[in-house]
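Chemist: need a structure here:
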Amino acid sequence: MIGPIMLFYFIENNVRLSIGGFHLATPWFQNINSIIVIFGGPAIAWLLQKARLRGIKTFTIGFLFSTGIFFTGAGFFALFAGIHFASATGLVNPWIVALSYVLQTVGELLTAPIGYVMVGVLVPARWQSFMMGVVMMSYGTSSVIATYFSGYILPLGAVVDPLLTNAAYAGGYLQVTLFATVSAVVIFALLPWLNKKSGEIL
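Modeler: Below you'll find the model as predicted:
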């Protein structure tokens, strides 16, 4: 939804890069994603496995996907709220950005594997290799679209003053939040139908 370069520039210029006098390097925030993936991925898989062993059928593919999109939207809402409560100089609290990365990564963990799962479950064996390629192509295409969307929200230029750029960032983050929230609600509303169709195919 948002190109990584946009978040990089936002952190570099619009976030207070210090906690208790300790300087924070911009790339460190991106490491949060890796840490959550390394430890959160197995944890989520373990929890889902435990739930299935206990006969809990709530965590269907559609439910996980809608929940993941909701977490992604929540991550961008955190950035929007952080800008609203920014300091007098326009700098956002770094803990807000860290929270945003955590929420976005949880959303990624819940949505990213869905494409491959759906291919394995719903696509006939002779078409699975082809559809795996389609899924991978969709990820690449979405990255390109995210880059263009980032440029639409805030064209990169010489202006780096957070007091001048915060409004543009806030508008972009709010758009992503609303889009993700509406998408999650729509998918959640369609869960009975989606579960039924998946059950019929299975």
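Chemist: roughly how far out does the helix or strand hosting residue 76 sit from the chain middle?
Modeler: Assessed by DSSP states H and E, residue 76 sits inside helix 61-84. Relative to its chain's centre, helix 61-84 lies at 7 Å (C-alpha atoms, centre = their mean, to the nearest Å).
Chemist: list the buried residues of that helix.
Modeler: 61-83 (16 or more other C-beta atoms under 10 Å). All C-beta atoms are positioned from the backbone trio N, CA, C, and that covers glycine.
Chemist: may I ask which helix or strand of the chain has the lowest mean pLDDT?
Modeler: Within the chain, no helix or strand scores below helix 191-201, which has a mean of 69 by mean pLDDT, DSSP states H and E.
Chemist: so who does residue 148 touch?
Modeler: By C-beta atoms under 8 Å, 6 or more residues apart in numbering, residue 148 lies in contact with nothing.
Chemist: okay, the residue lying closest to residue 178 once chain neighbours are set aside: pLDDT?
Modeler: Nearest non-adjacent residue to residue 178, counting by C-beta to C-beta, 6 or more residues apart in numbering: residue 73, 7.8 Å away. On pLDDT, residue 73 comes in at 95.
Chemist: same check, this time on residue 202
Modeler: 40.
Chemist: now the helix or strand harbouring residue 176: buried residues?
Modeler: Following DSSP H and E, the helix or strand that holds residue 176 is helix 162-189. Within helix 162-189, the residues that count as buried by 16+ other C-beta under 10 Å are 162, 165-166, 169-170, 172-177, 180-181, 183-184, 187-188.
Chemist: now do stretch 122-135
Modeler: Residues 123, 131 are the ones in stretch 122-135 that count as buried (16+ other C-beta under 10 Å).
Chemist: please report the distance of residue 101 from residue 146.
Modeler: Applying C-beta to C-beta, to the nearest Å, the value for residue 101 to residue 146 is 16 Å.
Chemist: what of residue 108?
Modeler: On the measure of C-beta to C-beta, residue 108 and residue 146 end up 13 Å apart.
Chemist: overlap of the contact sets of those two?
Modeler: With C-beta under 8 Å, 6+ apart, residue 108 and residue 146 have no common neighbours.
Chemist: mean confidence for stretch 5-24?
Modeler: 89.
Chemist: just give me how far it sits from the chain centre.
Modeler: Averaging C-alpha positions (C-alpha atoms, centre = their mean) puts stretch 5-24 20 Å from its chain's average.
Chemist: which residues does that stretch contact?
Modeler: 25-26, 29-30, 79, 83, 86-87, 90-95, 97, 147, 150, 153-154, 156, 160-162, 165-166, 169, 172.
Chemist: show me what counts as buried in stretch 84-91.
Modeler: 86, 90, 91.
Chemist: which among these gets closest to residue 119?
Modeler: For these, the residue nearest residue 119 by C-beta to C-beta is residue 86; the value is 43.0 Å.
Chemist: give me the pLDDT value at the residue nearest to the closest one when sequence neighbours are not counted.
Modeler: In space, and not counting its chain neighbours, residue 86 is closest to residue 92: 5.0 Å by C-beta to C-beta, 6+ apart. Reading off the confidence values, residue 92 has pLDDT 97.
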